[in-house]
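**Student:** quick check, what structure comes out for this input:
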Amino acid sequence: MRERRMSTFEHEARFPIINHVLVVSRLDGSAKFRRVDDSWQTDTYYSPKHRDFLAEDPVSEWLRIRIDGESSSICHKNWGKVKGISCEELETGVADPHTMDKILAALDVYPLIQVKKHRQTWLSDSVAVSIDWVEGLGFFIEIEKKMDTRDDRVARAGFDAILADLGAEVLEEDYRGYPMMLIERMRQAQEG
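**Tutor:** Sure thing, here's the model as predicted:
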């Protein structure tokens, strides 16, 4: 198994996208971007019983196990008290995600929700652009940059330009993340 370890600040912006087919075509035809991933991912999000991640609004941290084809990883993201598009991310590979799930259960860390998505990703320098189809939510464009700084202004500088260059027609940015969007959709379905 290839070991992936990362501790850095991740800056990302995510938008529901209207014209994903056109944007995929432009990314594939771009000399600037190269496709690096086209996969189905299953992300299971967790929360410790002693510290409910859903108690804060907006949620300030997530713990997830991702299964992506033959590989899997565990990741903790923490936005802390700083609201914005950046968070500290700790991620490492996991040889057996099902055993990791049992370890988390033994520590009173329980699953909240599972997010299933098809992700296509392109890279250009240190920026990743992904088009996601999320089961139950639809299509999104995500722009991500990993940096050694938490300064959102530095990371955000190029995000709007990328959207404009790609001709992406997007709706309002959503800071909640896929797990919270799905949890809120489930709550609305139960109430209505």
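
**Student:** what's the distance between I67 and S130?
**Tutor:** According to Cβ to Cβ, to the nearest Å, I67 stands 17 Å off from S130. Where C-beta positions appear, they are placed from N, C-alpha and C, glycine not excepted.

**Student:** tell me where this protein has helices.
**Tutor:** All helices of the chain, identified by DSSP state H, fall at 20-29, 97-106, 152-156, 159-166, 178-191.

**Student:** so which of these gets nearest W62?
**Tutor:** Evaluated over the helices of the chain, closeness to W62 peaks at helix 178-191, with 6.6 Å, by Cβ to Cβ.

**Student:** give me the contacts around the closest one.
**Tutor:** 43, 45, 54, 58-59, 62, 64, 112-113, 115, 117, 132, 134, 136-137, 140, 174, 176 (Cβ atoms under 8 Å, 6 or more residues apart in numbering).

**Student:** return a ChimeraX selection command for the buried portion of these.
**Tutor:** In ChimeraX, this line selects whichever of the contacts of helix 178-191 come out buried by 16 or more other Cβ atoms under 10 Å:
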select :43,45,59,62,64,112,113,115,117,132,134,137,140,174
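
**Student:** pLDDT below threshold where in this protein?
**Tutor:** For the chain, the stretches with pLDDT under 70 are 1-8, 81-85, 149-151, 154-155.

**Student:** tell me where it has strands.
**Tutor:** 5-16, 34-48, 61-68, 71-78, 86-93, 109-124, 127-134, 138-147 (DSSP state E).
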